[in-house]
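Visitor: based on what follows, work out the 3D shape:
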Amino acid sequence: MCLDLEWGLCVQRAHTLICFSCSDASSNWACLKPVKCGENENHCVTTYVGVGLGGKSGQSISKGCSPICPSAGINLGIAAASVYCCDSFLCNISGSSSVRASYAILALGILVSFIYVLQARQ
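Guide: Have a look, this model is predicted:
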């Protein structure tokens with residue numbers, strides 16, 4: 001990328017974005033490996049998926065660099081998914097807790113699915 005200055009000079013902007021990276025990790029502790037982003041990757045992205053069904057729960061966290069910023073989130077009680085992005089040095093350190101499913105809602109979802117399974121067996 002070239003920044004045009006007053007006198008027609010062209011100055012190249014240094015690209016040094018570094019993000020944390022992991023793929024389908026079960027905890028945020030496994031997502032603390034820093035990687036240097038490519039020239040066209042201007043965002044750090046964290047993807048979180050959490051599910052609680054039938055007395056079992058799990059989560060998956062993925063992090064890395066991205067050329068786009070796809071922020072989104074959904075919480076269905078028994079499942080939650082979110083994508084969080086930022087654009088500064090190692091800014092994706094958290095497990096996207098700001099859009100993570102609340103434990104109370106997940107517990108309620110697990111309880112409801114457990115009751116449903118018990119009623120279906122009768």
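
Visitor: just give me the neighbour total for the nearest residue to residue 34 once chain neighbours are set aside.
Guide: Leaving aside its sequence neighbours, residue 34 sits nearest to residue 18 (CB to CB, 6 or more residues apart in numbering; 5.2 Å). In this view, the C-beta of every residue, glycine as well, is placed from N, C-alpha and C. The number of residues packed near residue 18 is 15, by other CB atoms under 10 Å.

Visitor: hey, what's residue 18 bridged with?
Guide: residue 36 (DSSP bridges).

Visitor: in this structure it contacts residue 89, no?
Guide: Yes. Counting by CB atoms under 8 Å, residue 89 is a contact partner of residue 18 at 5.7 Å.

Visitor: in the chain, where is pLDDT below threshold?
Guide: Confidence mapping of the chain against pLDDT under 70 gives the ranges 1-15, 96-122.

Visitor: residues contacting the closest residue to residue 50 other than its chain neighbours?
Guide: In space, and not counting its chain neighbours, residue 50 is closest to residue 59: 4.3 Å by CB to CB, 6+ apart. Each residue near residue 59 by CB atoms under 8 Å, 6 or more residues apart in numbering is listed here: 26, 27, 48, 49, 50, 51.

Visitor: the closest residue to the second one other than its chain neighbours: neighbour count?
Guide: Translated: residue 27. With CB to CB, 6+ apart as the criterion, residue 27 has its nearest non-adjacent residue at 7.2 Å, and that residue is residue 61. For residue 61, the count of nearby residues is 24 (other CB under 10 Å).

Visitor: and the strand or helix carrying residue 61, which strands flank it?
Guide: In this structure, residue 61 is located in strand 56-66 according to DSSP states H and E. Here strand 56-66 is paired, per DSSP bridges, with strand 18-25 (antiparallel), strand 43-53 (antiparallel).

Visitor: as CSV, those with distance to residue 35 would be great.
Guide: CSV is the format used below for these (distance: least, CB to CB, whole Å):
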stretch, distance to residue 35
strand 18-25, 4
strand 43-53, 10
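
Visitor: so which of these is the most packed in?
Guide: Greatest average neighbour count among these goes to strand 43-53 (a mean of 22), per mean count of other CB atoms under 10 Å.
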